[in-house]
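*Asks:* Have a look at this fold, sequence not included:
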């Protein structure tokens, strides 16, 4: 198997990770450090430290020591120039005296100096580069799973727990982050148990499922686990599993963290478990001559392992005797108080730390235990158990904590992620950041990619010694998910955006629709017809068709509610501000609703089709809200009302213009004469052979009908209307033309011309608030508001010069900011721009002059209380 | 926030299936004092502890329900369909 590292081929064997294959090929430097660009080599070989982060197939910051090698992979180093072996940026470490702890807070107190150097610091420091747009070419998936028992960790304890629960017939999901199940049994032989035997038993259990390799990054309330699987299948880059479990068994075991001595970060200084992994999992001899730093049985055990792999063990030394590692870019020896060992490998028996992050973040208590030298879980969150080594019971301290003495050094590293040394920690405490949480934020210890796994315990030890507080009182920093880190793309999920299309979508497409996104809906903004110049010309032609002949617009996106029942009138009287119980069958009324504070929430039309059948429309975006609002006020009322959402079930068009009646007459037997079917009336009749609801309303200000028919006949109706209208010069019009048409009529769009503070009085719509009703939602507030003088008013204005304000343009009175334009369009009838604006109530009178800022300069406008077109509404009633 | 709400109709479901509807409060009678309306409209108890609240199961049975929830722990102690619009 061959993959490429910085363009050069590297051979990998079955079972290799990217890092193990590189190590076998002779690679010793795997990364350059965040701040000083110091060379770093394999440290944990277990995905817990930051030392082997590389770019793999375009993805930055990949932990190569747990990433299986695959044929054809492209692996590249990060944060080094020109190469890992020769990194010119490492000259920076000779200026470390310029960069004491918190140096950028101290040095760049003036924003100008920070902005001047920030780009260079950003370039010099850091991790991988963000991937290019379009990465990855595969999806991020989400899936939702459930289990009675979730076991996190596939070591001996986790396997045993899964087998036990599986034996009871419980549905179990086991999550393990390693290439194979078995945990430390894979590389550390102990007793009679072999992982193969346990795994074979597990595989026979029908109710146990294994998700691996995958890592659990969070345990949230309600037993929800975040689990991430990389490369779940060929079509997906990553899969995020929302795993909900009744019980969670944490079997995450222990991990090893480094000891602090001078140059403890040199490539060649390795944790004992990493050496074991290289030897037993990958058949790699990690060095020629090694010194073991450690004491007792563990040191003896690892020395035996090294010898068996053909490594000469030059000596074993107690951690407190170590003075310094030697070497510049790679290890050449170890200096102790007694000896000077030449060696190319130092194997450190480090702190063994219970991997209890999941327990801590879920609310468990973690206490210091001096006998084991570890912070151990002592109280577990509900429905969580901990099994095996994560309990810490069999641990022994690697070194004394807090350390008996300190000799701070600028080359003894505590935090490998962001190059924080023992002297940085001591200095930080000296500067007053003497609590572990503030020390963390000031020095950034525990805040890097390793999330504190490598550095937390040494940092707590130094803090405890320096402050004299002891380990328990010093405590740990807060554990929060996600840990380990998760790709943002995986959290964001699949790049699927829902789109809603009306039943006439294809017809619009064929007519050259230019689309507008309205929530999830696609609506034609205008139609780009052949021979039509730009948007302005197209919209004006659509406008003229409606004003002079006939136009048709797809309004299927309107919210449509079927409301049935004897008490519907009572409900509508209560929820809407207007009165409906007296609405006669066959009539339509404008409907607005407010909340209890008197704020306008939505508007639409209410048609009474028969005594107990009503048909409501809402604005496109507010349908769900209005339906839930109606149903909420129904709860417990005992009223006979049933609300059904018909929005997707009905297609709707608005046919309007002087010739609309002539067009519609060709399609229906319904008497359309204005005496038989007056303005604000509704009828049920067949249109183009399909049962329809017809409403004679006038949003655009011309004689017109809104026609609602079953969705499956939407395209048929559209075709029929277009065909019948051809002889009258009918034209489809889009949202933009409709906005011009309605604005000329001064019709307010709730949510565009109103906002979250608008009441009907200030909006100039006091007629919708029927305060003589006994009760309705918002009545108490509206009664109070009516008595108060209005501060701001929604006014109409006509520009007095050639200028078209943008929506949102500033309104000026006496040169001072006094409001904003909510809608403005060029009005063909007026030959000038017209619009609506919120402004001071003092100018809300006919003929008052205001200034509107257009293109950065004030332009004159005249306030008017009337509609800009057909103020008497005569054309609606023709 | 990842707790579950035991919907009286659908059973335990993720909180993301629901819309929060606020604290359960009694609406004053028509003609009540301005203070009473002010309290009802603007003042929230914001209880740190157990409170009764409205939830709408929008991705399920689409019904309004009430839940008794501990706002400190997100433990949902009880859910039911109310028969009075309290």
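*Replies:* Right, received. Where do you want to start? Predicted model, so just to flag it, every value in this text is computed and none were measured.

*Asks:* Any chance of the backbone angles for the closest residue to residue A:842 other than its chain neighbours?
*Replies:* Computed as C-beta to C-beta, 6 or more residues apart in numbering or on different chains, the closest residue to residue A:842 that is not its neighbour in sequence is residue A:813, at 7.7 Å. In this view, the C-beta of every residue, glycine as well, is placed from N, C-alpha and C. Residue A:813 has phi and psi values of phi -130, psi 130 when expressed as degrees, to the nearest 10.

*Asks:* quick one: contacts for residue A:813?
*Replies:* A:819, A:839-840, A:842-843, A:850-851 (C-beta atoms under 8 Å, 6 or more residues apart in numbering or on different chains).

*Asks:* Test my guess that residue A:30 contacts residue A:20.
*Replies:* No - the pair residue A:30 / residue A:20 is not scored as a contact, 11.3 Å apart, by C-beta atoms under 8 Å.

*Asks:* Pull up the per-residue confidence for residue A:128.
*Replies:* On pLDDT, residue A:128 comes in at 86.

*Asks:* secondary structure element for the nearest residue to it once chain neighbours are set aside?
*Replies:* Counting by C-beta to C-beta, 6+ apart, the nearest residue to residue A:128 once its immediate chain neighbours are dropped is residue A:60, at 2.6 Å. Under the criterion of DSSP states H and E, residue A:60 resides in strand A:59-63.

*Asks:* and after that strand, which helix or strand comes next?
*Replies:* strand A:74-76.

*Asks:* What strands line up against that next one, and which way round?
*Replies:* Applying DSSP bridges, strand A:74-76 is found paired with strand A:2-5 (parallel), strand A:53-56 (antiparallel).

*Asks:* Name the residues of the first one that come out as buried.
*Replies:* This means strand A:2-5. A:3, A:5 (16 or more other C-beta atoms under 10 Å in any protein chain shown).

*Asks:* Wait, residue B:63 touches residue B:80, no?
*Replies:* No - assessed by C-beta under 8 Å, residue B:63 is found out of contact with residue B:80, at 11.1 Å.

*Asks:* Neighbour count: the two, which is higher?
*Replies:* Between residue B:63 and residue B:80, counted using other C-beta atoms under 10 Å in any protein chain shown, the more crowded position is residue B:63 (16 against 11).

*Asks:* Contacts only, for the spatially closest residue to that one that is not a sequence neighbour.
*Replies:* Leaving aside its sequence neighbours, residue B:63 sits nearest to residue B:57 (C-beta to C-beta, 6+ apart; 5.8 Å). With contact set as C-beta under 8 Å, 6+ apart, residue B:57 has these partners: B:5, B:7, B:9-10, B:13, B:17-18, B:63, B:65.

*Asks:* I'd like those as TSV, with secondary structure appended.
*Replies:* Listed next are the contacts of residue B:57 as TSV, based on DSSP: H, G, I helix; E, B strand; the rest coil:
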residue	secondary structure
B:5	strand
B:7	strand
B:9	coil
B:10	coil
B:13	strand
B:17	helix
B:18	coil
B:63	coil
B:65	strand
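
*Asks:* Tell me the buried residues within the residues you listed.
*Replies:* B:5, B:7, B:13, B:17-18, B:63, B:65.

*Asks:* how far away is residue A:152 from residue B:35?
*Replies:* According to C-beta to C-beta, to the nearest Å, residue A:152 stands 54 Å off from residue B:35.

*Asks:* With residue A:308 instead?
*Replies:* Taking C-beta to C-beta, one finds residue A:308 at 85 Å from residue B:35.

*Asks:* So which residues on the stretch 501-650 of chain A come close to chain B?
*Replies:* A:596-597, A:624, A:628, A:631-633, A:635-637 (C-beta under 8 Å from any C-beta of the partner chain).

*Asks:* go again using 6 Å as the cut-off
*Replies:* A:596-597, A:628, A:632, A:635-636 (C-beta under 6 Å from any C-beta of the partner chain).

*Asks:* Can I get the buried ones among the contacts of residue B:57 in JSON lines including pLDDT and distance to residue A:400?
*Replies:* What follows is those, written out as JSON lines (pLDDT from 0 to 100; distance: C-beta to C-beta, whole Å):
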{"residue": "B:5", "pLDDT": "97", "distance to residue A:400": "50"}
{"residue": "B:7", "pLDDT": "97", "distance to residue A:400": "55"}
{"residue": "B:13", "pLDDT": "95", "distance to residue A:400": "52"}
{"residue": "B:17", "pLDDT": "96", "distance to residue A:400": "53"}
{"residue": "B:18", "pLDDT": "98", "distance to residue A:400": "53"}
{"residue": "B:63", "pLDDT": "95", "distance to residue A:400": "62"}
{"residue": "B:65", "pLDDT": "97", "distance to residue A:400": "58"}
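
*Asks:* which one of the residues you listed sits closest to residue A:171?
*Replies:* If you rank those by distance to residue A:171 using C-beta to C-beta, residue B:13 comes first, at 18.7 Å.

*Asks:* Contact partners for the closest one?
*Replies:* B:7, B:60 (C-beta atoms under 6 Å, 6 or more residues apart in numbering or on different chains).

*Asks:* All the helices of the stretch 451-600 of chain A, in order from the start?
*Replies:* Applying DSSP state H, counting those that start in this stretch to the stretch 451-600 of chain A gives helices spanning A:456-467, A:471-474, A:488-492, A:505-510, A:535-548, A:568-575.

*Asks:* same thing with chain B?
*Replies:* For chain B, the helices defined by DSSP state H cover B:34-42.

*Asks:* Chain A contacts on that one?
*Replies:* B:2-4, B:30, B:37, B:41, B:56, B:64, B:74, B:82-85.

*Asks:* Residue B:78: neighbouring residues, count only.
*Replies:* Residues lying near residue B:78 (other C-beta under 10 Å) number 12.

*Asks:* try residue A:35
*Replies:* Per other C-beta under 10 Å, the neighbour tally for residue A:35 reads 21.

*Asks:* And for residue A:114, nearest residue in space, chain neighbours not counted?
*Replies:* residue A:108 (3.7 Å).

*Asks:* does residue A:306 sit in a helix, a strand or a coil?
*Replies:* Applying three-state DSSP: residue A:306 is helix.

*Asks:* From what I see, it and residue A:313 are in contact.
*Replies:* Yes - in this structure residue A:306 lies within contact range of residue A:313 using C-beta atoms under 6 Å: 5.4 Å.

*Asks:* list residues touching both of these two?
*Replies:* Common neighbours of residue A:306 and residue A:313 (C-beta under 6 Å, 6+ apart) are residue A:290.

*Asks:* Compare these two (neighbour count), which wins?
*Replies:* residue A:306 (25 against 18).

*Asks:* For chain B, see how far away the more buried one is.
*Replies:* In this view, residue A:306 and chain B are 46 Å apart by C-beta to the nearest C-beta, to the nearest Å.

*Asks:* same thing with residue A:415?
*Replies:* 31 Å.

*Asks:* Repeat that for residue A:394.
*Replies:* Taking C-beta to the nearest C-beta, one finds residue A:394 at 33 Å from chain B.

*Asks:* Pull the contacting residues for that residue.
*Replies:* Residue A:394 touches nothing, counting by C-beta under 6 Å, 6+ apart.

*Asks:* For chain B, what's its nearest residue on the stretch 501-650 of chain A.
*Replies:* Nearest residue of the stretch 501-650 of chain A to chain B: residue A:636, at 3.8 Å (C-beta to the nearest C-beta).

*Asks:* Cheers, nothing more for now.
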